[in-house]
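Undergrad: Have a look at this prediction, sequence included:
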Amino acid sequence: MLNAPVLTKAIRTFPSVQLSGDERHLPIDVSLITQLGHGAGDHVFANVSFRQRNHERFVDELSEPSAKIGAPHFDRGDATSLYSFTVGPEGHPFHRHAGHRIFTAISGSGGAQLRFSTLDDATLAKGAEAFLKTLRFINIPPDCLFTVRFGGNIWHQFAPIIRGSRHPVMFALSCHTDELGGDLNDELKAMVLSDESDIPTLTELLDDDIGQWLERDDILRQIPTVSLSLDAPHGTLHRLACNLFRGNMGTMRQGLAKPFDKLGFMSFLSMGEVSRGEKLPPESLLPAQFPGQSIDHQDINSIRVSGIDGSKHRAGDLLEAVLEGFLFNPPVFVGRLMGLRNLLVMPMGLRRSPLGCPVSSLIGPATGNLFRGRYPVLDQQISDSEAQVVLGADDRHLSFRSGVSVTVVGDHELLFSLENAVHCTNRFGHFYMGAIRAVHRRLIAPAMLRHAVGWALRDLS
């Protein structure tokens with residue numbers, strides 16, 4: 001910062017600064033939007049970094065890990081794209097892009113320093129001193145939501161305010177308003193049009209000789225700097241205390257973060273409500289499983305899903321995905337109920353499983369009749385438009401059978417069903433079914449089907 005008195009201005013709206021451009025460059029606009037909770041910046045950074053690393057378009061280059069979240073649709077006249085990117089505690093190198101950039105970001109719990117230069121190539125060739133004359137810094141306080149907008153060919157760097165900080169600089173969502181914008185060469189244009197471009201390919205780095213000057217503290221102190229803030233002015237004891245507290249909270253929140261905090265979920269609004277019935281349909285395969293025996297309990301749960309082109313998917317493939325969903329996406333509360341049930345029936349020597357009884361045989365030995373060479377079933381009928389399998393097992397007190405089916409009803413509608421039938425072999429079996437019947441019909445079976453179908457449709461919406 002300059003060795004001059006600090007001038008502070010109170011602002012009733014968003015604290016903002018605009019660095020003027022010239023005939024070749026648009027102005028640079030930076031605005032603070034709101035102050036987040038103490039330590040939120042570091043916490044958000046960690047969560048976003050986890051999700052970003054698992055994205056299919058993740059790239060980790062130039063000290064700026066990123067992922068292309070939304071690609072352009074040039075065939076529909078849309079040249080915009082959306083990226084997430086993060087900048088860690090070490091910052092990233094000075095660079096520029098040919099195209100216009102707009103991003104919304106959250107600063108880490110140590111704050112962020114935005115560095116900009118509008119130097120043109122001809123003046124840049126004169127050396128580091130010419131570059132430093134056009135350099136400007138903008139300080140962003142810790143745990144803040146802020147926006148940045150600047151045109152093409154603006155040299156910029158995002159760094160920690162304090163060198164050696166343990167806090168990340170920022171996480172951002174960046175909109176490229178025109179992925180073909182700026183003076184791109186033919187090779188890069190071809191990459192953009194074929195959706196092979198990413199942030200690193202659209203980046204030009206500053207010469208290392210100039211960047212080395214910015215490692216000197218005596219140089220950094222001479223750069224004109226604007227400090228934006230929301231809860232306390234720069235240079236005050238209040239500001240210093242806020243920064244210290246937020247930094248410590250950021251470190252603490254990272255230490256307390258749980259792995260499941262980073263999970264995400266996707267629910268399909270096109271999925272209809274689960275419809276329940278107490279009688280098996282005439283075409284059910286389950287009655288044949290109990291020749292000459294009574295069926296003491298029966299029910300069916302179904303879900304209709306619209307908005308998905310069923311003509312592009314075979315019923316057998318969808319059924320395989322549903323069975324996988326029973327295994328890998330079970331309702332949490334069903335697992336807890338099964339744990340309690342397993343504990344209670346252990347002294348009786350009854351069959352135990354971590355999965356709900358309708359599909360617990362899926363984790364049985366893979367012998368005999370297998371669906372898709374993987375799932376043990378008692379029976380199966382498969383065609384392009386309809387697929388169903390029968391699951392089940394026999395226990396000391398009852399025998400249960402479950403039918404899982406997928407039907408392609410039309411070009412844009414699918415029907416998923418879970419049928420259940422139980423034959424009680426003794427009085428305890430009747431008592432057992434009487435005790436669990438209501439919970440099974442109203443909660444367990446509908447929830448298990450809903451979660452399994454959600455898993456099967458996760459890539460088809």
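TA: Arrived safely, thanks for sending. Bear in mind that the values here come from a model prediction, so they are computed numbers and not experimental data.
Undergrad: Check the offset of stretch 150-167 from the chain's centre.
TA: A distance of 26 Å separates the centroid of the chain from that of stretch 150-167, by Cα atoms, centre = their mean, to the nearest Å.
Undergrad: May I have the distance across it, first residue to last?
TA: For stretch 150-167, the first-to-last residue distance is 25 Å (Cα to Cα, to the nearest Å).
Undergrad: Same check on stretch 302-315?
TA: Criterion Cα to Cα; first-to-last residue distance in stretch 302-315 is 15 Å.
Undergrad: contact partners of that stretch?
TA: Applying Cβ atoms under 8 Å, 6 or more residues apart in numbering, the contact partners of stretch 302-315 are 268, 270-275, 277, 382-387, 406-418, 449-450, 453, 457, 460-461. Just so you know, the C-beta spots here come from the backbone N, C-alpha and C atoms, and that holds for glycine as well.
Undergrad: what does stretch 38-51 give?
TA: So stretch 38-51 is contacted by 36, 65, 84, 86, 106-110, 142-144, 167-168, 170-171, 245-246, 248-254, 257, 261-262, 264 (Cβ under 8 Å, 6+ apart).
Undergrad: would you put the C-alpha positions of stretch 432-452 in CSV?
TA: Written as CSV, here are the backbone C-alpha positions of stretch 432-452 (Å, rounded to 0.1, in the frame of the first residue of the first chain):
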residue,chain,number,x,y,z
TYR,A,432,-44.3,-60.3,12.5
MET,A,433,-46.2,-59.1,9.4
GLY,A,434,-48.9,-57.6,11.5
ALA,A,435,-46.3,-55.6,13.4
ILE,A,436,-44.4,-54.2,10.3
ARG,A,437,-47.2,-54.1,7.7
ALA,A,438,-48.1,-50.4,8.1
VAL,A,439,-44.5,-49.2,8.2
HIS,A,440,-43.6,-51.4,5.2
ARG,A,441,-46.5,-50.2,3.0
ARG,A,442,-46.4,-46.5,3.9
LEU,A,443,-42.7,-45.8,4.3
ILE,A,444,-40.2,-48.5,3.6
ALA,A,445,-41.3,-49.9,0.2
PRO,A,446,-42.2,-46.4,-1.3
ALA,A,447,-39.0,-44.9,-0.1
MET,A,448,-36.8,-47.7,-1.4
LEU,A,449,-38.4,-47.5,-4.9
ARG,A,450,-38.1,-43.7,-5.0
HIS,A,451,-34.4,-43.8,-4.2
ALA,A,452,-33.7,-46.6,-6.6
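Undergrad: tell me which element F137 falls in.
TA: Of the helices and strands defined by DSSP states H and E, F137 is found in strand 135-140.
Undergrad: Can you tell me the strand partners of that strand and which way each runs?
TA: Using DSSP bridges, the strands paired with strand 135-140 are strand 112-117 (antiparallel), strand 225-227 (parallel).
Undergrad: Let me have those in CSV, extended by mean pLDDT.
TA: Listed next are the strands paired with strand 135-140 as CSV, based on pLDDT from 0 to 100:
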stretch, mean pLDDT
strand 112-117, 94
strand 225-227, 91
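Undergrad: Switch these over to JSON lines; also include distance to R442.
TA: Shown next, in JSON lines, are the strands paired with strand 135-140 (distance: least, Cβ to Cβ, whole Å):
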{"stretch": "strand 112-117", "distance to R442": "51"}
{"stretch": "strand 225-227", "distance to R442": "59"}
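Undergrad: Adding mean neighbour count and distance to E187, write the ones you listed out as JSON lines.
TA: Formatted as JSON lines, the strands paired with strand 135-140 follow (neighbours: other Cβ atoms under 10 Å; distance: least, Cβ to Cβ, whole Å):
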{"stretch": "strand 112-117", "mean neighbour count": "24", "distance to E187": "27"}
{"stretch": "strand 225-227", "mean neighbour count": "19", "distance to E187": "38"}
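Undergrad: Of all these, which one is nearest V422?
TA: strand 112-117 (61.4 Å; Cβ to Cβ).
Undergrad: Now the element after the closest one, going C-ward?
TA: Taking DSSP H and E, what comes next after strand 112-117 is helix 121-124.
Undergrad: Just the buried ones from the contacts of stretch 302-315?
TA: The neighbour count (16 or more other Cβ atoms under 10 Å) marks 268, 271, 274, 386-387, 406-408, 413-418, 449-450, 453, 457, 460 as buried among the contacts of stretch 302-315.
Undergrad: For S20, see how far away T134 is.
TA: For T134, the distance to S20 equals 11 Å [Cβ to Cβ, to the nearest Å].
Undergrad: Those two: who's more crowded?
TA: Neighbours were counted for T134 and for S20 using other Cβ atoms under 10 Å; T134 has more, 16 against 10.
Undergrad: That one and L286: what is the separation?
TA: T134 is 77 Å from L286, by Cβ to Cβ.
Undergrad: Remind me what the helix or strand of the chain with the lowest mean pLDDT packs against, helices and strands.
TA: Least confident helix or strand, the chain: helix 208-211 with a mean of 72, by mean pLDDT, DSSP states H and E. Where contact means 3 or more Cβ pairs under 8 Å, 6 or more residues apart in numbering; DSSP states H and E, helix 208-211 is packed against helix 128-133.
Undergrad: buried sites along the helix it packs on?
TA: Across helix 128-133, burial judged by 16+ other Cβ under 10 Å covers 128, 130-132.
Undergrad: Using neighbour counts, pick out the buried residues of the helix or strand containing G339.
TA: Using DSSP H and E, G339 sits within helix 332-345. Within helix 332-345, the residues that qualify as buried are 334, 337-338, 341, 345, counting by 16+ other Cβ under 10 Å.
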